[in-house]
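Trainee: next one to model:
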Amino acid sequence: MAEGKVYIYGGKGHGKSPAAIGCGLIAAAKGARVVIIQFLKGKGLTEDEYPRRLEPGIKLFRFEKSNEDFVALPREKQEEEVQNIRNGLNFAKKVLSTGECDMLILDEVLGLVDNHIITIADLKNVLDMRDGETDIIMTGISLEDDVCALADYVSEIRTVK
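Mentor: Residues are numbered from 1 along each chain as shown. Reported below is the predicted structural model:
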């Protein structure tokens, strides 16, 4: 089997999550087991309905309990959600360490770094749990040098018009 890679779809443009999910669809169509873990989106979004129809080839998880976007929550609610987010990261580590998937999409995980919920070292600890054949796709706005150093490939998404 081919060596797994780490990809980043980052930047301030729109379409990072759809690009990552599209990669997951292609991988699942080829027989890969795909896990998507979404962060900072709240649980009230409906954009996850289509990927959920593709189970068991693609499995989608959200650990946050609030229907609202994380940054719009009052401080007290944010603190509650941080624990839920950490549960999501621990789940990502478990999925990687047990080899439960061929591709793991960590949607908006870079936003966790931007919002100081996790450190780059925390993110590296998650990535270090993977075996050599698992692909990981991370999305978010951040394209800091330290973040980009974690990836094999980095794509910057920007809005032109």
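
Trainee: where do the helices of this structure begin and end?
Mentor: Using DSSP state H, the helices of the chain run over residues 16-29, 49-53, 75-98, 109-114, 120-127, 145-148.

Trainee: so which of the ones you listed is nearest E64?
Mentor: helix 75-98 (5.0 Å; Cβ to Cβ). The C-beta positions use only the backbone N, C-alpha and C, and glycine is treated the same way.

Trainee: what's the spacing between the closest one and its chain's center?
Mentor: Relative to its parent chain, helix 75-98 has a centroid offset of 12 Å by Cα atoms, centre = their mean, to the nearest Å.

Trainee: and the angle for that helix with helix 120-127?
Mentor: 40 degrees (axes from the mean of the first three to the mean of the last three Cα atoms, to 10 degrees).

Trainee: list the buried residues of helix 75-98.
Mentor: Under the neighbour-count criterion of 16 or more other Cβ atoms under 10 Å, helix 75-98 has 78, 81-82, 84-85, 88-89, 92-93, 95-96 buried.

Trainee: pLDDT for the residues you listed - can I get that in CSV?
Mentor: Converted to CSV, those look like this (pLDDT from 0 to 100):
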residue, pLDDT
Q78, 89
E81, 90
V82, 93
N84, 92
I85, 92
G88, 94
L89, 96
A92, 97
K93, 97
V95, 96
L96, 96
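
Trainee: export those to TSV and append columns for distance to I21.
Mentor: Formatted as TSV, the buried residues of helix 75-98 follow (distance: Cβ to Cβ, whole Å):
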residue	distance to I21
Q78	26
E81	22
V82	25
N84	21
I85	20
G88	17
L89	20
A92	16
K93	22
V95	17
L96	19
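
Trainee: just the residues you listed now: which is nearest A121?
Mentor: Out of the buried residues of helix 75-98, the member with the shortest distance to A121 (by Cβ to Cβ) is L89, at 12.4 Å.

Trainee: any figure for the gap between that closest one and K161?
Mentor: 36 Å (Cβ to Cβ, to the nearest Å).
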